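Trainee: Model the structure of this input:
(2 chains)
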Amino acid sequence: MSTASHTTDHGHDHDHDHGPARGLSRWILTTNHKDIGTLYLLFSLAMFFVGGAMALVIRAELFEPGLQVVDPHFFNQMTTLHALVMIFGAVMPAFVGLANWLIPMMVGAPDMALPRMNNWSFWIMPFAFTLLLSTLFMPGGGPAGGWTLYPPLVLQTGSAFPFVILAVHMMGASSIMGAINIIATILNLRAPGMTLMKMPLFVWTWLITAFLLIAVMPVLAGTVTMLLTDKFFGTSFFNAAGGGDPVMFQHIFWFFGHPEVYIMILPAFGVISQIIPTFARKPLFGYASMVYATASIAFLSFIVWAHHMFTVGMPLAGELFFMYATMLIAVPTGVKVFNWVSTMWRGAMTFETPMLFAIAFVILFTIGGFSGLMLAIAPADFQYHDTYFVVAHFHYVLVPGAVFSIMAAAYYWLPKWTGHMYNEKLGKLHFWLSVIGVNVLFFPQHFLGLAGMPRRIPDYALQFTEFNMVSTVGAFLFGFSQLFFLYNVIQTIRGGAKATDQVWEGAEGLEWTLSSPPPYHTFTTAPEIK
Amino acid sequence: MTHAEHAPDHYYVPTQSHWPIIATISLFTLMLGGATLLNGGSSTLLLTGFALILITMFGWFGTVVRESEKGLYSDQMDRSFRWGMGWFIFSEVMFFAAFFGALFYARTYSVPWLGGETSHGVLTHGLLWSGYEAAWPTNGPSDIGGFFAPMHPWGLPAINTLILLSSGATLTWAHWGLIEQNRPQLLKGLAATVALGVLFLSLQAYEYAHAYHALHLTLGSGIYGSTFFMLTGFHGLHVTIGAIILAVMLFRSLAGHFTPQRHFAFEAAAWYWHFVDVVWLGLFIFVYWL
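Mentor: Sure, this is the predicted structure:
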């Protein structure tokens, strides 16, 4: 079959097994899913350090009570931009980068379904962040009203305002196109025999994430457009004097914002579901239930948004509905955690760096899940709302959750991508410093929050000093430990011990049947899946 | 066409193109220009960006059309385009959903609460807006934008509804013509659809002028004006885009581009047009009528 097609196709340029172009134009013009995946991952790594530097400014200011390091307005710009950079610049592009690299190899496709749009999706990102970060140098500084952009406060932003809104529009366009590409790839480019229920879990979680992205990014675009017209064109969407309501913004924003939370964690679930079976040397326990649990979480994510705004003044029926719906999420999430634990049960486990990060993910993400359950209780949330308890909660799910899964994925697939083994000793050092750092950083914030310390304030009462000092020490430990990761990644790209094709003894799946590194074009002829 | 038949056992991957990076730079210029203009700067960058976007669209779509006409695309590529267009339209539906959501929220919650309805509205009304009586349409307790009259549904809007529904029918008639290789029917149907689209837009422009001058209904007329003009405005923008796409389909039909088997560009344009049609029905019912 394949020989026949090669002869008939002979002479057409798409049939050449050509390698990458040389120089900068390779990266600017590329339509190759591996190149674009690399670009996404490197962009994400750069943004991780930019956002991290902002976090360290915040923690440096909070080391002691009083105002020492920065003025309060700049502090507010840091909290706002740290969130926007980490969410839209670090975590989301990292997962899109992983999707680009892995999904075509995992489903036996030659590339993404719409390769040119893929290039466009990526290159929008650096330009969007140029627009966003340039606001720091404008009169009045960057946005300082919090990443949630609540009116009326956000409408007081200076010259930065339209830049922020239009940067969000660009990021949204990039995300929607990326998601469309991923869905089209998964639904249309699977190799013969790769039925939906044979897909690796990473592919499944991304399919569902892509659906969430297409459903909610336009809603974010809509609501920030309303902000723009309220500020510049005299509309009254969020102005009670004109019959609108600032709370309306919060509803529309969180209709985007809550699924957004799952956009950042579902692919992480996928990564962990790939890594644990490899190092436990057992197939994933409860594959089908994992798929259904992911779909359930995605469905529930659309009907829980108002738990972010329990204290805003909603009718009682709303408080109760959103409270119970939120608690329901614990059920499919519990299914996942139990499945990961059951996969490890009586497995022949080894603890290479990816597995260490994966196990830390399961434990620490679960802590974040439990504090989420506490926050879901509406009457209790009245106490916790806008305190450091909330900060501790979402950082537990996002840092040792989403970010650890990205680290795990990087260590796990780096030998496949580069053809070289990373330095295991350095990897383990990075892991232990990170896991200690992250807990020293965020665990005390639970206590601060329960004791009543508000978030997004540069100063605090004296009784909060010790825990804040501990937290800041943890922040610098965690932050600077990431330099080991950077060094290890660079060294692995440049050289190192040769990786085998399978890389890990227990690894299964199509990507491990390819050479390490895989050729520039893989699966130009579809593999047969039995 | 001949190459596509070999597709099942050998994937087609499009070659590199400089259009995506040009598209990125165009979009960036447009956004930078928009932000500059909103901050009180000049409109030069915005117009440059707009021109660049147009050039990009001509260039990129032109490349794709030429490749398609050369028969480079496989059936699989065709299916990728179908998924892509389908999910793009879904994202557009969700964009409109945000504005419909704002309309429903204002009508069901914020306006009645401002008027003191339910236990939730008692304090808001009593302490802040005690003179306000909830009603729809409204420009709010502070009478933002001054007195206005709402748009009456059974005049021009009803005629516009008929026009758009008819355009859906003429488009389907054109599609039948394409499938049955009845070229005059295809061309007449498409031309009629584009003409109806332009007629709709003209009446919409007339309606806007009427609203601003005779009814004193503006974008600044409180929540009614905001929801009315943003929803109908974004819809009008989409009709404009749809009509341009259909006009391109008309030119491509004149150039003899489509075959009864392969004409996804036409179908995608039709999907888009029907989506715009359905959004209008929602607008007519919830913005104009109820």
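
Trainee: Next up, the contacts around A:L201.
Mentor: A:L201 makes contact with A:269-270, A:273-274, A:284, A:287, A:290-291 under the criterion CB atoms under 8 Å, 6 or more residues apart in numbering or on different chains. Every residue, glycine included, has its C-beta placed from N, CA and C.

Trainee: What about those, which are in helices?
Mentor: A:269-270, A:273-274, A:287, A:290-291 (DSSP state H).

Trainee: I figured B:I245 was touching B:A270, is that so?
Mentor: No: between B:I245 and B:A270 there is no contact under CB atoms under 8 Å: 9.5 Å.

Trainee: what about these two, which has more around it?
Mentor: Per other CB atoms under 10 Å in any protein chain shown, whichever of B:I245 and B:A270 has more neighbours is B:A270, with 23 against 20.

Trainee: Now for the more buried one: which residues touch it?
Mentor: Contacts were defined as CB under 8 Å, 6+ apart; by that measure B:A270 touches B:171-172, B:175.

Trainee: most neighbours, which of the residues you listed?
Mentor: The contacts of B:A270, ranked by neighbours (other CB under 10 Å): first place B:L171, 26 neighbours.

Trainee: Now that it has come up, it's in contact with B:W273, right?
Mentor: Yes: between B:L171 and B:W273 there is a contact under CB under 8 Å: 5.7 Å.

Trainee: ok, now which ones touch B:P20?
Mentor: Applying CB under 8 Å, 6+ apart to B:P20 gives the contacts A:29, A:31, A:116-117, A:119-120, A:123, B:60.

Trainee: In strands, which of the residues you listed appear?
Mentor: If you go by DSSP state E, the contacts of B:P20 have nothing in strands.

Trainee: pLDDT score assigned to B:Q16?
Mentor: With respect to pLDDT, B:Q16 scores 87.

Trainee: Can you classify it by secondary structure?
Mentor: Following DSSP: H, G, I helix; E, B strand; the rest coil, B:Q16 is assigned to coil.

Trainee: and the closest residue to it other than its chain neighbours, what is it in contact with?
Mentor: The shortest distance from B:Q16 to any non-neighbouring residue, by CB to CB, 6 or more residues apart in numbering or on different chains, is to A:L29 (4.7 Å). Contact analysis of A:L29 by CB under 8 Å, 6+ apart lists A:21, A:119, B:16-18, B:20-21.

Trainee: on that earlier part again, can you list residues touching both of B:L171 and B:W273?
Mentor: Shared contacts of B:L171 and B:W273, counting by CB under 8 Å, 6+ apart, come down to B:193, B:246.

Trainee: so which helix or strand takes in the residue of chain A found nearest chain B?
Mentor: Distance from chain B to each residue of chain A (CB to the nearest CB) is smallest for A:G222, at 2.7 Å. Assigned by DSSP states H and E, A:G222 falls within helix A:201-232.

Trainee: Who are the packing partners of the strand or helix carrying B:E67?
Mentor: Using DSSP H and E, B:E67 sits within helix B:44-69. Using 3 or more CB pairs under 8 Å, 6 or more residues apart in numbering or on different chains; DSSP states H and E as the contact criterion, the elements in contact with helix B:44-69 are helix B:19-38.

Trainee: And the helix it packs on, how far out from the chain middle?
Mentor: The chain centroid and the centroid of helix B:19-38 are separated by 21 Å, computed with CA atoms, centre = their mean, to the nearest Å.

Trainee: how about it: buried residues?
Mentor: Residues of helix B:19-38 classed as buried by neighbour count (16 or more other CB atoms under 10 Å in any protein chain shown): B:19-24, B:26-38.

Trainee: In PyMOL, how would I select the buried members of the contacts of A:L201?
Mentor: Here is the PyMOL command that picks out the buried ones among these, judged by 16+ other CB under 10 Å:
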select buried, chain A and resi 269+270+273+274+284+287+290+291
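
Trainee: Tell me which helix or strand comes right after the helix holding B:E67.
Mentor: The helix or strand immediately downstream of helix B:44-69 is helix B:75-105, counting by DSSP H and E.

Trainee: and the angle from that next one to helix B:44-69?
Mentor: 140 degrees (axes from the mean of the first three to the mean of the last three CA atoms, to 10 degrees).

Trainee: Can helix B:75-105 be said to contact chain A?
Mentor: Yes: Helix B:75-105 is in contact with chain A by CB under 8 Å from any CB of the partner chain, via B:76, B:79-81, B:83-84, B:87-88, B:90-92, B:94-99, B:101-102, B:105.

Trainee: for that helix, which positions count as buried?
Mentor: Buried, per 16+ other CB under 10 Å, within helix B:75-105: B:76-85, B:87-103, B:105.

Trainee: Tell me the spacing between the nearest residue in space to B:Y224 that is not next to it in sequence and B:A98.
Mentor: Among residues not flanking B:Y224 along the chain, B:P137 sits closest, at 3.9 Å (CB to CB, 6+ apart). Distance of B:P137 to B:A98, given as CB to CB, to the nearest Å: 20 Å.

Trainee: and what of B:I241?
Mentor: 18 Å.

Trainee: again, but for A:T350
Mentor: For A:T350, the distance to B:A98 - CB to CB - is 49 Å.

Trainee: Now A:L514: closest residue in space, sequence neighbours ignored.
Mentor: A:T522 (5.7 Å).

Trainee: OK, contacts around that neighbour?
Mentor: For A:T522, the contact set (CB under 8 Å, 6+ apart) comprises A:104-105, A:110, A:514.

Trainee: Most widely separated two among those?
Mentor: Farthest pair in the contacts of A:T522 (CB to CB) is A:P110 and A:L514. Separation: 12.2 Å.

Trainee: So for those two, which sits in the more crowded spot?
Mentor: A:P110 (21 against 15).

Trainee: and that one, what is it in contact with?
Mentor: By CB under 8 Å, 6+ apart, the contact set of A:P110 is A:104, A:189, A:521-524, B:11, B:13.

Trainee: per-residue confidence at the nearest residue to it once chain neighbours are set aside?
Mentor: Distances taken as CB to CB, 6+ apart put B:Y11 closest to A:P110, at 4.3 Å, once the chain neighbours are dropped. Model confidence at B:Y11, expressed as pLDDT, equals 70.

Trainee: So B:Y11, which state does it fall into?
Mentor: Three-state call for B:Y11 (three-state DSSP): coil.

Trainee: if I pick residue 83, what's in contact with it?
Mentor: Went with chain A since none was named. By CB under 8 Å, 6+ apart, A:A83 lies in contact with A:146-147.

Trainee: oops, chain B please
Mentor: Shown in contact with B:W83 (CB under 8 Å, 6+ apart): A:113, A:180, A:183-184, A:187-188.

Trainee: So which of these reach chain B?
Mentor: A:113, A:180, A:183-184, A:187-188.

Trainee: Most proximal residue of the stretch 1-150 of chain B with respect to chain A?
Mentor: Per CB to the nearest CB, B:A98 is where the stretch 1-150 of chain B lies closest to chain A, at 2.7 Å.

Trainee: A:G222 is in contact with that residue, correct?
Mentor: Yes: taking CB under 8 Å as the definition, B:A98 is a contact partner of A:G222 at 2.7 Å.

Trainee: Please identify every residue contacting each of these two.
Mentor: A:I252.

Trainee: Please, where are all the helices along the stretch 51-200 of chain A?
Mentor: Taking DSSP state H, counting those that start in this stretch, the helices of the stretch 51-200 of chain A run over residues A:72-84, A:92-107, A:115-134, A:160-188.

Trainee: what does the stretch 101-250 of chain B give?
Mentor: Going by DSSP H, counting those that start in this stretch, the stretch 101-250 of chain B shows helices at B:111-114, B:118-123, B:156-179, B:183-213, B:222-254.

Trainee: Name the stretch among those that sits most buried.
Mentor: helix B:111-114 (a mean of 24; mean count of other CB atoms under 10 Å in any protein chain shown).

Trainee: Now do that helix: distance to the chain's middle.
Mentor: 31 Å.

Trainee: Tell me if that helix is near chain A.
Mentor: Yes: Helix B:111-114 lies within reach of chain A by CB under 8 Å from any CB, at B:111, B:113-114.
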